[in-house]
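Chemist: A structural model of the following input is requested.
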Amino acid sequence: MPSTRKLLLDAIASLDAAAPPDVCADALDAIFTSCSSSETFNDESCDGGVTPLMIACDKSITSALEYLRQQIQNQATKEVSVWGRVTDKSSESGNCAVHHALAADFQTGLDALEYYAFNAKPLSPDENNFQRYMALLEQPNVNGDTPIMMVCVYGHSGILRHILKRSYHLASTANSNPYTETIAKNTWQSVHELFEKRNKEGCSALNLACGHGHVDIVRLLIHGHSVSDTMELNLSSTDDTSEIEASKGDAVHALMPLVTVTYKDVLRCQSTIDNLEVSLKIMKQKNVAMTKQEEFHQQHKKVLDCLGILNAELGRIAAETASSLLTQDEGSQDQSHSAKKPKVKPSTKKKKKKMQVAKPKQQENPDIDSSTTENTTQSERPRDDWRVDTKSNVPSTSTSPFITLQDGRVISKSQTPEDVPCEDDSVDKLIHVSPAPKTLESIMQSNSRYCDSAATTMESLCLDPSMLLLSAHGMAMEMSPCQLDAIESILTNQLRASKEAQKIQSRLLNNN
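Modeler: So this is what the prediction gives:
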């Protein structure tokens, strides 16, 4: 004889989505009244681990889930267990009931599953209902797809908005204070992490929405939103929150986008477009039905729109990052100009420099070691001396402009041994004490101005250091207009810095 779970599953599968509550009750009452008190219910009672709860959510049968809610309220524990747990997964796909509800755009089913999960067991001291809700939405199937990814695949923007607002409502009820900056930040960070998860193919919710051409979902994910003092989430299609603030009358607090667009997201979207174009060519060659070709044409157009949105957002991030970087550099320049004047008198400084250069000449030993000129103490060096101390771990972005002859004399690199009077025949033997030249990437990483934000800046601008050395044609082909503007701003700033360096270097050489 079939198990009670199998009977219940067949009964729910035979119902229509619009089945009235009385029709559903008649069909299910007959099953539960015949339930044996000694029978145990488990996933193996049905083929493939499918549960009645999954079928009800997949078919969007509201009356069946209302019947379940009444059983939960009546504390009919044994009858409730026949439906299966919210976390149960089918053995083939690994989908749970939440996957089916969100794929079917069944908001009532999601609310019923939330009610079922929250009443299945009491809260532990270290958790709250917001954390439970996040746990429901991040369950992966065998491919690593979460229920949130199912929403993005099928393009159900309405239920996605419901999920976001419900998340903030649960976060507000979990805390005695309706709004604090910490609560709002932590809540948004948890939701952000939920949308940043990737499946086994490396796709995020944003990638799946772009690949299926759901423009409204993409906009919802990358636009900035806001939250009010009562922890009510305000979702908008633009970044302007002035209308929300005026209509609500409450102060609103801007939030970061749900996802952060990267250059990899753009490449993945472009790859989808390329695949669609190849498929369209094959369809034309094989004379596939025009209706099918038109379907692919429409998807191709929508994915192109998604790519445009991603490029626009990436450009906004790059411009914002470049502006922040230039502001930081200007602040650093202002500080360097204010500290430009040395405390030591120029005459004293010249004497010390002459003593440092003349000291080796007083020693007639031709085998003097080149380290003699490097052993001067830090206090003896002028404040604007940028030469490298070989015993220091501080990185340098430039090399020394001086070289030391084997006889101990120190000369400028702009001079030749013939320009300097010598006393022996060892002038052709030069000992360079400057460090080895560095690559462009190591220079940028070692520069103190970039040490805290180099990785973030390069990632935001989607630039590789080698791209700075491209030809004009190469930059035109490889970079976007926004990237070119950012490069121009950064290099202009560096040009000013190089001119300052030349002035400093000129003073050093003149003093010698």
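
Chemist: for the rest of this, base every contact and every neighbour count on C-alpha atoms.
Modeler: Fine.

Chemist: now the chain, which segments are flagged as low pLDDT?
Modeler: Low-confidence segments of the chain (pLDDT under 70): 1, 35-46, 175-180, 229-232, 236-251, 329-466, 512.

Chemist: scan the protein for its longest helix.
Modeler: Secondary structure assigned by DSSP state H gives helix 290-338 as the longest helix of the chain.

Chemist: which secondary structure elements does that one contact?
Modeler: Here helix 290-338 touches helix 205-211, helix 215-222, helix 263-285, helix 454-461, helix 481-511, going by 3 or more Cα pairs under 8 Å, 6 or more residues apart in numbering; DSSP states H and E.

Chemist: with mean neighbour count and distance to Ala112 added, can I get those in JSON lines?
Modeler: Formatted as JSON lines, the helices and strands packed on helix 290-338 follow (neighbours: other Cα atoms under 10 Å; distance: least, Cα to Cα, whole Å):
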{"stretch": "helix 205-211", "mean neighbour count": "27", "distance to Ala112": "24"}
{"stretch": "helix 215-222", "mean neighbour count": "21", "distance to Ala112": "24"}
{"stretch": "helix 263-285", "mean neighbour count": "15", "distance to Ala112": "35"}
{"stretch": "helix 454-461", "mean neighbour count": "16", "distance to Ala112": "41"}
{"stretch": "helix 481-511", "mean neighbour count": "14", "distance to Ala112": "48"}
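
Chemist: make a markdown table out of the ones you listed and add distance to Ser172.
Modeler: A markdown table is the format used below for these (distance: least, Cα to Cα, whole Å):
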| stretch | distance to Ser172 |
| --- | --- |
| helix 205-211 | 25 |
| helix 215-222 | 22 |
| helix 263-285 | 33 |
| helix 454-461 | 32 |
| helix 481-511 | 40 |
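
Chemist: was I right to think Thr62 contacts Asp111?
Modeler: No: if you go by Cα atoms under 8 Å, Thr62 and Asp111 don't touch, sitting 10.8 Å apart.

Chemist: between these two, who's got more neighbours?
Modeler: Counted by other Cα atoms under 10 Å, Thr62 and Asp111 do not tie: Thr62 has more neighbours, with 23 against 15.

Chemist: phi, psi of Gly213?
Modeler: With angles defined as degrees, to the nearest 10, Gly213 sits at phi 70, psi 30.

Chemist: and it, how many residues sit next to it?
Modeler: Gly213: 27 surrounding residues under other Cα under 10 Å.

Chemist: on that earlier part again, tell me the angle of the longest helix of the chain relative to helix 215-222?
Modeler: Calculated by axes from the mean of the first three to the mean of the last three Cα atoms, to 10 degrees, helix 290-338 forms an angle of 20 degrees with helix 215-222.

Chemist: what helices and strands are in contact with the host helix or strand of Met134?
Modeler: If you go by DSSP states H and E, Met134 is part of helix 129-137. Applying 3+ Cα pairs under 8 Å, 6+ apart, we find helix 129-137 packed against helix 107-120, helix 157-173, helix 181-196.

Chemist: in the shortest one, which residues are buried?
Modeler: For helix 107-120, the neighbour count (16 or more other Cα atoms under 10 Å) marks Gln107, Thr108, Gly109, Leu110, Ala112, Leu113, Glu114, Tyr116, Ala117 as buried.

Chemist: same for the helix or strand containing Arg69, what does it pack against?
Modeler: Here Arg69, judged by DSSP H and E, is contained in helix 62-73. Applying 3+ Cα pairs under 8 Å, 6+ apart, one finds that helix 62-73 contacts helix 21-33, helix 52-58, helix 77-82, helix 107-120.

Chemist: show residues contacting the last one.
Modeler: Outside helix 107-120, the residues within contact range by Cα atoms under 8 Å, 6 or more residues apart in numbering are 57, 60, 62, 65-66, 69, 72, 86, 97-98, 101-102, 129, 132-133, 136, 159.

Chemist: any of those residues buried? List them.
Modeler: 57, 60, 62, 65-66, 69, 72, 86, 97-98, 101-102, 129, 133, 136, 159.

Chemist: need the helices and strands packed on helix 129-137 in CSV (columns: distance to Ala13).
Modeler: Formatted as CSV, those follow (distance: least, Cα to Cα, whole Å):
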stretch, distance to Ala13
helix 107-120, 15
helix 157-173, 24
helix 181-196, 32
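
Chemist: dump the residue contacts of the residue nearest to Glu196 when sequence neighbours are not counted.
Modeler: Excluding the flanking residues, the one nearest Glu196 by Cα to Cα, 6 or more residues apart in numbering is Ser204, at 6.0 Å. Shown in contact with Ser204 (Cα under 8 Å, 6+ apart): Met149, Phe195, Glu196, Lys197, Arg198.

Chemist: mind picking the two most distant members of those residues?
Modeler: Within those, Met149 and Glu196 form the most distant pair, 10.1 Å apart (Cα to Cα).

Chemist: which residues belonging to stretch 160-174 are considered buried?
Modeler: So, applying 16+ other Cα under 10 Å, buried residues of stretch 160-174: Leu160, Arg161, Ile163, Lys165, Arg166, Ser167, Tyr168, His169, Leu170, Ala171, Ser172, Ala174.

Chemist: output those residues as a markdown table; include the columns distance to Cys24.
Modeler: Putting the buried residues of stretch 160-174 into a markdown table (distance: Cα to Cα, whole Å) gives the following:
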| residue | distance to Cys24 |
| --- | --- |
| Leu160 | 29 |
| Arg161 | 30 |
| Ile163 | 28 |
| Lys165 | 31 |
| Arg166 | 29 |
| Ser167 | 31 |
| Tyr168 | 34 |
| His169 | 32 |
| Leu170 | 31 |
| Ala171 | 35 |
| Ser172 | 36 |
| Ala174 | 36 |
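
Chemist: put the alpha carbons of stretch 285-304 into PDB.
Modeler: Backbone C-alpha positions of stretch 285-304 (Å, rounded to 0.1, in the frame of the first residue of the first chain) are rendered in PDB as follows:
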ATOM      1  CA  GLN A 285      21.600  28.100 -42.200                       C
ATOM      2  CA  LYS A 286      19.300  25.200 -41.100                       C
ATOM      3  CA  ASN A 287      16.100  27.200 -41.900                       C
ATOM      4  CA  VAL A 288      14.800  26.900 -38.300                       C
ATOM      5  CA  ALA A 289      11.300  28.200 -37.800                       C
ATOM      6  CA  MET A 290      11.000  32.000 -37.900                       C
ATOM      7  CA  THR A 291       9.200  32.000 -34.500                       C
ATOM      8  CA  LYS A 292      12.200  30.400 -32.900                       C
ATOM      9  CA  GLN A 293      14.600  32.700 -34.600                       C
ATOM     10  CA  GLU A 294      12.600  35.700 -33.500                       C
ATOM     11  CA  GLU A 295      12.700  34.400 -29.900                       C
ATOM     12  CA  PHE A 296      16.500  34.400 -30.100                       C
ATOM     13  CA  HIS A 297      16.500  37.800 -31.700                       C
ATOM     14  CA  GLN A 298      14.500  39.300 -28.800                       C
ATOM     15  CA  GLN A 299      16.800  37.700 -26.200                       C
ATOM     16  CA  HIS A 300      19.900  39.000 -28.100                       C
ATOM     17  CA  LYS A 301      18.500  42.500 -28.000                       C
ATOM     18  CA  LYS A 302      17.700  42.300 -24.300                       C
ATOM     19  CA  VAL A 303      21.200  40.900 -23.400                       C
ATOM     20  CA  LEU A 304      22.700  43.800 -25.400                       C
END
